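# any chance you could fold what I've pasted below:
(3 chains)
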Amino acid sequence: MSESQASARRRRILERARAVPVGFVTTYGDLWPQAPRLAGHALSTCEDPEVPWQRIVRADGSLAKGERQRRLLEREGVPFSGARVCMEVARVPAEALDDLTRGD
DNA sequence: CGGATGACGCAGT
DNA sequence: TACTGCGCCATCC
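Below you'll find the predicted structure:
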């Protein structure tokens, strides 16, 4: 590996994150199934404004960044069910992200 | 180089 | 539903 694989994975994670449409969300696990924590770390260190970090939520729909994140999502029209995102409606599955990043 | 920590996920209780 | 333990991988001490 000429360049660290870590940054390669990181880039792919962020690329998938960018594929999530306005009004929808996806999960850390969908971004990178083998290491959800890696997805979280990638986002936490990412400063790229093109990456919609607020659209990445936990698998159960709870938010990592609390009220700040919630406000951004509601503003995009993401449906909530109590304190969590209504995943049944707003979730973009891993396969869909796969498709979006492929055709891109 | 080993352990703790994190924007996690899941099974078990 | 909430909490716990373990697996996962990169970073920081």
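
# okay, now the residue of chain A found nearest DNA strand C: neighbour count?
Residue nearest to DNA strand C within chain A: residue A:35 (3.4 Å; CB to the nearest atom of the strand). Glycine gets a C-beta too; all of them are placed from N, C-alpha and C. When neighbours are defined as other CB atoms under 10 Å, residue A:35 has 15 of them.

# how near is the spatially closest residue to residue A:36 that is not a sequence neighbour to residue A:103?
Spatial nearest neighbour of residue A:36, chain neighbours left out: residue A:28 (4.1 Å); criterion: CB to CB, 6 or more residues apart in numbering. According to CB to CB, to the nearest Å, residue A:28 stands 23 Å off from residue A:103.

# how about the helices in chain A?
With DSSP state H as the definition, chain A shows helices at residue ranges A:5-18, A:28-31, A:36-45, A:66-76, A:87-90, A:94-103.

# could you dump those to CSV with mean neighbour count?
Converted to CSV, the helices of chain A look like this (neighbours: other CB atoms under 10 Å):
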stretch, mean neighbour count
helix A:5-18, 16
helix A:28-31, 21
helix A:36-45, 17
helix A:66-76, 14
helix A:87-90, 15
helix A:94-103, 13
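
# between the ones you listed, which one is nearest to residue A:51?
Closest of the helices of chain A to residue A:51 is helix A:5-18, at 5.2 Å (criterion: CB to CB).

# what's the angle between that closest one and helix A:36-45?
For helix A:5-18 against helix A:36-45, the angle by axes from the mean of the first three to the mean of the last three CA atoms, to 10 degrees is 80 degrees.

# what's helix A:5-18 packed up against?
Where contact means 3 or more CB pairs under 8 Å, 6 or more residues apart in numbering; DSSP states H and E, helix A:5-18 is packed against helix A:28-31, helix A:36-45, helix A:94-103.

# now these as JSON lines including mean pLDDT?
As requested, the helices and strands packed on helix A:5-18 are arranged in JSON lines below (pLDDT from 0 to 100):
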{"stretch": "helix A:28-31", "mean pLDDT": "97"}
{"stretch": "helix A:36-45", "mean pLDDT": "95"}
{"stretch": "helix A:94-103", "mean pLDDT": "92"}
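
# that concludes my questions; thank you for your assistance.
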